[in-house]
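# Return atomic coordinates for the entry below.
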Amino acid sequence: EVQLVESGGGLVQAGGSLRLSCAASGGIFDDYAIGWFRQAPGKEREGVSCISSGDGSTYYADSVKGRFTISSDNAKKMVYLQMNSLKPEDTSVYYCNAKHKITTTQFWGRGTQVTVSS
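Sure thing, here's the model as predicted:
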């Protein structure tokens, strides 16, 4: 079983930056794609970005392309989401997700709140 712990959320003004961190433990890190999802009040959870820890391939939602950057440190089992040029519509709880590349078993962190003020 994989455990995920997010950190780095907070309150920031529009145009500002935050870096979210996801610490993973358990499991074999290279066997998983690690992603960030977000959920705002009254809205469905949506995928933001993900990275394949094995080959480093990445995905970004159109809404964050050019502003957010995902990266990983495989040795530390850490995944980061650098968020720049933040907008009020980025306000959400951000969740770290690990999905096994073969079995598709998923694990979730508890989330970290990001609030962007206008």
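
# what about stretch 80-91, how long is it end to end?
18 Å (CA to CA, to the nearest Å).

# got it, and stretch 62-82?
One end of stretch 62-82 to the other measures 16 Å (CA to CA).

# Can you classify the residue nearest to the spatial centre of the chain by secondary structure?
The chain has residue 36 as the residue nearest its centroid, 2.5 Å off, counting by CA atoms, centre = their mean. Under DSSP: H, G, I helix; E, B strand; the rest coil, residue 36 falls in the strand class.

# so it makes contact with residue 70?
Yes - contact criterion CB atoms under 8 Å: residue 36 and residue 70 qualify, at 6.8 Å. Any C-beta I mention is one placed from the backbone N, CA and C, and that applies to glycine too.

# Could you tell me which residues touch both of the two?
Residues touching both residue 36 and residue 70 (CB atoms under 8 Å, 6 or more residues apart in numbering): 49, 50, 79, 81.

# Once you drop chain neighbours, what's closest to the first one?
Sequence neighbours aside, residue 70 is the residue nearest to residue 49 in space, at 4.3 Å (criterion: CB to CB, 6 or more residues apart in numbering).

# shouldn't that neighbour be in contact with residue 52?
No - shown here, residue 70 and residue 52 do not form a contact pair, counting by CB under 8 Å, at 10.4 Å.

# Thanks a lot, see you next time.
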